[in-house]
Every structure is written in structure tokens, then in C-alpha cells.
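In: predicted model follows, preceded by the sequence.
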Amino acid sequence: MMKYFTVSISLLLVLLVSCNKSENTTSDKEEALVENYIWEFGLDYSSTECLEQLEKAKVDAEKDSLTFTVYYGRTPRYNEELKELWSKENIHFDSRLSCTTVERNCYGYYMDSVVKSRFSQGFIDSMEKKADSIYLAAWQTKTYMYWHLDQNPTYKMTYPEYFIKRDLIYPKGWDTIPMHLHQYIEVIVTIDNTGEMLDWSFDSSHILKPINEKHLPVLKKQIGVVLKGMGKWEPGILDGKKVKSEILLNINLDKD
């Protein structure tokens, strides 16, 4: 097993060394970084998928077509700003969830070791800080997603879904009897920094009884009537400022 593992490490290091340029040689630090990836993530460098990715990464690096991949538990709020900053360095930025199948990450790990041999960790960290500063500085014009806010938009000190359900007039013939999985529909509402509702759209996600599916167009229209009459909200808060944001509402359509 150890012999097999050592061969795997050697294979990746050979690929890395063959990728160097006249002004950029593979450093001891880079080799240690690759070994750390192997131990931490347990990549199977003998798999066909991984070997193909490593070969592709080698070819791309030789063409100076680099990608910096970061693995997050969830996508950072400044993802788009960070992508733009890296593009100015002629490097493509790719963020992935940390639960991605590890064999599919071989390309990213190879590329990261090349990128990190060219830029210091301090520079890479500063890119994230700068991206977040740009993200926050755009508060006067940017529309933020509710899960990135410090405080979500609120409506009359209650859950807006309750208000909508209370005032909703169901289509004629609607079956409200509860089922095992409750009936619901999701709507995305945009609230500006003054608390005005600017717009709404229905998410594709909903669960209805088969008998109620035919009523969906009328149901959406009735929900729209309620939304129009809601008036002002308390806007979302980010970094101490009132901001424009989108919030997802999940409306329970069963009888209480």
C-alpha cells in the first residue's frame, strides 16, 4: 500500500516538474503542498479520471492558461468580485463546494500548486479581502441575496409568509386538506433599501396535490394581489447599512 502511495506521489511531482517555465521552477514548498493535498484529501492518482485531469492541467499550464480553484463549504458572498480580480491577473477563478468528488478535483489541485508557486499566500489572502471590500462598497446599487445579510428584510414584526397565507384567497375548488408533505410554493421578493417591494417572481420549486396543479396560474395571480397590498417592509441590513435585497418566501398552502 505504501509503495503504491509513493508511486502516486511521484507521478504527480513528475507532472509538476515538467510544467515549469524558464522563470518559474517547481519549489520545495510547492512539492510539500502537493503532498499535503494527498494526505488531506486522499486523492486516488491512479484513477483514469484523475490522470486525464492531471494531463490536461499540465498542458494548460504550459500554455500559461491557469485556473485558481478554491474549495468552500459554501460559495462566498464576494465570489463574482473575486473572479473579476483574478481575471486581471490573467487567471481564471473557480470556486467549488468542498464536497465535490475528490477525483474530479485533480485538475484544480494541480493548478493551485502552480498558482501558489507564483503568488504568495499573503497576496492570495489579500485578494479575498479586497473582493469582500468591493462587495460591501457596492451597497448603494447592488442587490444582495438574503443569506448574505446581517439582518433579513422583515414585515410588520412577523413572518411575511403568515401574512400572505392569512390574506390569500384560494382558487375555487382548491383542496387545502393537509397531506404528508405540506403543499407549498416559493416566491422571490425584491425589497429596496427604503423598504419598498420592487418586484417578485415565482421560483420553480413547489409541491401541490395533483388535483391542485390545474389551479397554479390562478394561485400565483392571487398571491400577487396579496403582495401588491402589503406596503412597506423593513429593508435588509448589511454592514450597518440598509440595502436592496432578494428574499425567498416559502408559503405553506395547507389548512392550519
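Out: Perfect, thanks for sending it.
In: please make it C-alpha for all contacts and neighbour counts, starting now.
Out: OK.
In: mind jotting down where the helices sit in the stretch 1-150 of the chain?
Out: 2-17, 28-41, 48-62, 79-87, 106-118, 121-137 (DSSP state H, counting those that start in this stretch).
In: least reliable of those helices going by mean pLDDT?
Out: Mean pLDDT is lowest for helix 2-17 among the helices of the stretch 1-150 of the chain, at a mean of 40.
In: per-residue pLDDT of the residue nearest to the spatial centre of the chain, please?
Out: Central residue of the chain (C-alpha atoms, centre = their mean): T75, 3.4 Å from the mean position. With respect to pLDDT, T75 scores 80.
In: then D256?
Out: Per-residue confidence (pLDDT) for D256: 69.
In: could you measure from the residue nearest to the centre of the chain over to S126?
Out: Using C-alpha to C-alpha, to the nearest Å, we find T75 at a distance of 18 Å from S126.
In: can you verify my assumption that the residue nearest to the centre of the chain contacts S95?
Out: Yes - the criterion here is C-alpha atoms under 8 Å, and T75 meets it with S95 at 6.9 Å.
In: could you chop the chain up by domain?
Out: 2-137, 143-252 (automatic domain parsing).
In: now for whichever helix or strand I164 is part of, which elements pack on it?
Out: Assessed by DSSP states H and E, I164 sits inside helix 160-167. Using 3 or more C-alpha pairs under 8 Å, 6 or more residues apart in numbering; DSSP states H and E, the elements in contact with helix 160-167 are helix 216-228, strand 241-252.
In: to I91, which of the ones you listed lies closest?
Out: I91 sits nearest to strand 241-252 of all the helices and strands packed on helix 160-167, at 30.3 Å, using C-alpha to C-alpha.
In: could you give the angle of the closest one to helix 121-137?
Out: Angle of strand 241-252 versus helix 121-137, following axes from the mean of the first three to the mean of the last three C-alpha atoms, to 10 degrees, is 80 degrees.
In: off-centre distance for strand 241-252?
Out: Offset of strand 241-252 from its chain centre (C-alpha atoms, centre = their mean, to the nearest Å): 17 Å.
In: for stretch 50-65, same thing?
Out: Centre-to-centre, stretch 50-65 and its host chain are 26 Å apart (C-alpha atoms, centre = their mean).
In: and for stretch 85-92?
Out: Distance of stretch 85-92 from the chain centroid (C-alpha atoms, centre = their mean) equals 19 Å.
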